[in-house]
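# Sequence first, then the predicted structure:
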Amino acid sequence: MGIDFHNEKNRNTYSTRKADDSWVKVIKDLVQFDNISKALDIGCGGGIYSKAISEMGVASVTGVDFSEEILKGARDNCREFQNISFKQGDALHTSLESNDYNLLLERALIHHINDLQKCFEEAYRLLKDKGIYIVQDRTPEDCLLKGNDSHIRGYFFELFPQLIEKETKRRYNSQFVIKTLSEVGFREIQEVQLWETRKVYKNKEQLLKDLSERTGRSILHELDDKELNLLINYIDKAISTENNIVERDRWTIWKAVK
């Protein structure tokens, strides 16, 4: 199965959240925004993080995504931000100007990319000298942590272990990411882990509804409706708290400098 990013019904699946303060703090620790005037968000989805970058004081932000339907959701999500623009494009061939950006973000993108070197080469081309490249994704180790009241994603693989191969096969380990960044020419490479708050739910019902709609969770599109209902019932029984559920996901972030 898998998610169809070009389907109109998925237009807003990646535009309903707000970048959490946990993410903002880590990015501000990695990037001196006083020196950032022009940023690029490749694989921008619904513009959640394009908006966050703008709110950090960046004068010009461009979001790029390969799905025009997803970009329609992004434009609506960011309609109050005059300094954010969007362009349809491929992460390997954006057709944007070379040496033009101080900051390039690729969040939750590289697990969709088969040729990591070409992806990083395009990022290198787009950045100005001393430009900063932020890559955020899950490693196989990030994906397979056990489920609990906060790490809801872990339950997906406990109930459906057949998803483990699908999930880990599309993820890069950190050593390979760092090696490829270095081979392309990036320097000052850093790696940090982040438990990013995904969403806070007032009650369990809100969480289960979010799961039932597969909102922002491409892995759930690998399950049919019957399997998804089984998962929802499993999580309903597994979670011990009824109210104020803080869902967090574990990510790895790499910073590199051109």
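That came through fine.
# Tell me which residues of the top strand by length along the chain come out buried.
Under DSSP state E, the strand in the chain containing the largest number of residues is strand 187-203. Of the residues in strand 187-203, those scored as buried under the neighbour-count criterion (16 or more other CB atoms under 10 Å) are 189, 194, 196-199, 201. (C-beta placed from N, C-alpha, C; glycine too.)
# Can you add pLDDT and distance to residue 247 and give these back as TSV?
Conversion of these to TSV gives the following (pLDDT from 0 to 100; distance: CB to CB, whole Å):
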residue	pLDDT	distance to residue 247
189	98	30
194	96	14
196	93	10
197	92	7
198	90	5
199	90	5
201	93	7
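# From those residues, pick the one nearest residue 177.
Distance to residue 177 across the buried residues of strand 187-203 (CB to CB) is lowest for residue 189, with 8.9 Å.
# OK, contacts around the closest residue to residue 31 other than its chain neighbours?
Setting aside the residues directly before and after it, residue 31 is nearest to residue 132 in space (CB to CB, 6 or more residues apart in numbering), at 5.6 Å. Counting by CB atoms under 8 Å, 6 or more residues apart in numbering, residue 132 makes contact with 30-31, 36, 102-104, 255-258.
# Identify those among the residues you listed that sit within strands.
Secondary structure of the contacts of residue 132 is defined by DSSP E; positions in strands are 102-104, 255-257.
# Pull the distance from the lengthiest helix in the chain to the chain's centre.
Among all segments of the chain classified by DSSP state H, the helix with the greatest residue count is helix 225-238. Mean-position distance between helix 225-238 and its chain equals 24 Å (CA atoms, centre = their mean, to the nearest Å).
# Pull the residues that contact that helix.
Applying CB under 8 Å, 6+ apart, the contact partners of helix 225-238 are 147, 152, 155-156, 158-160, 204, 207-208, 211-212, 214, 220, 223.
# tell me what the longest strand of the chain is packed against?
The elements that strand 187-203 packs onto, with contact taken as 3 or more CB pairs under 8 Å, 6 or more residues apart in numbering; DSSP states H and E, are helix 21-30, helix 174-184, helix 204-212, strand 243-257.
# I'd like the ones you listed as a markdown table, with mean neighbour count, mean pLDDT and distance to residue 123 appended.
Formatted as a markdown table, the entries for the helices and strands packed on strand 187-203 read as follows, by neighbours: other CB atoms under 10 Å; pLDDT from 0 to 100; distance: least, CB to CB, whole Å:
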| stretch | mean neighbour count | mean pLDDT | distance to residue 123 |
| --- | --- | --- | --- |
| helix 21-30 | 15 | 95 | 16 |
| helix 174-184 | 16 | 98 | 8 |
| helix 204-212 | 16 | 94 | 32 |
| strand 243-257 | 18 | 96 | 9 |
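# Make CSV out of these and add distance to residue 233.
Listed next are the helices and strands packed on strand 187-203 as CSV, based on distance: least, CB to CB, whole Å:
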stretch, distance to residue 233
helix 21-30, 30
helix 174-184, 35
helix 204-212, 9
strand 243-257, 16
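# Would you mind telling me which of these is nearest residue 121?
Checked against CB to CB, the stretch from those lying closest is helix 174-184, at 5.4 Å.
# Distance from the chain centre to the closest one, please.
What separates the centre of helix 174-184 from the centre of its chain is 19 Å, taken as CA atoms, centre = their mean.
# name the element residue 63 belongs to?
The secondary structure element spanning residue 63 is strand 60-65 (assigned by DSSP states H and E).
# low-confidence ranges in this structure?
Segments of the chain classed as low confidence (criterion: pLDDT under 70) are 1-17.
# Nearest the middle, which residue of it would you pick?
Centre of the chain computed as the mean C-alpha position; nearest residue by CA atoms, centre = their mean is residue 108, 2.9 Å away.
# Now do the strands in the stretch 1-150 of the chain.
38-42, 60-65, 84-88, 101-107, 127-137 (DSSP state E, counting those that start in this stretch).
# These into TSV, with extra columns for distance to residue 181?
What follows is the strands of the stretch 1-150 of the chain, written out as TSV (distance: least, CB to CB, whole Å):
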stretch	distance to residue 181
strand 38-42	15
strand 60-65	20
strand 84-88	24
strand 101-107	12
strand 127-137	8
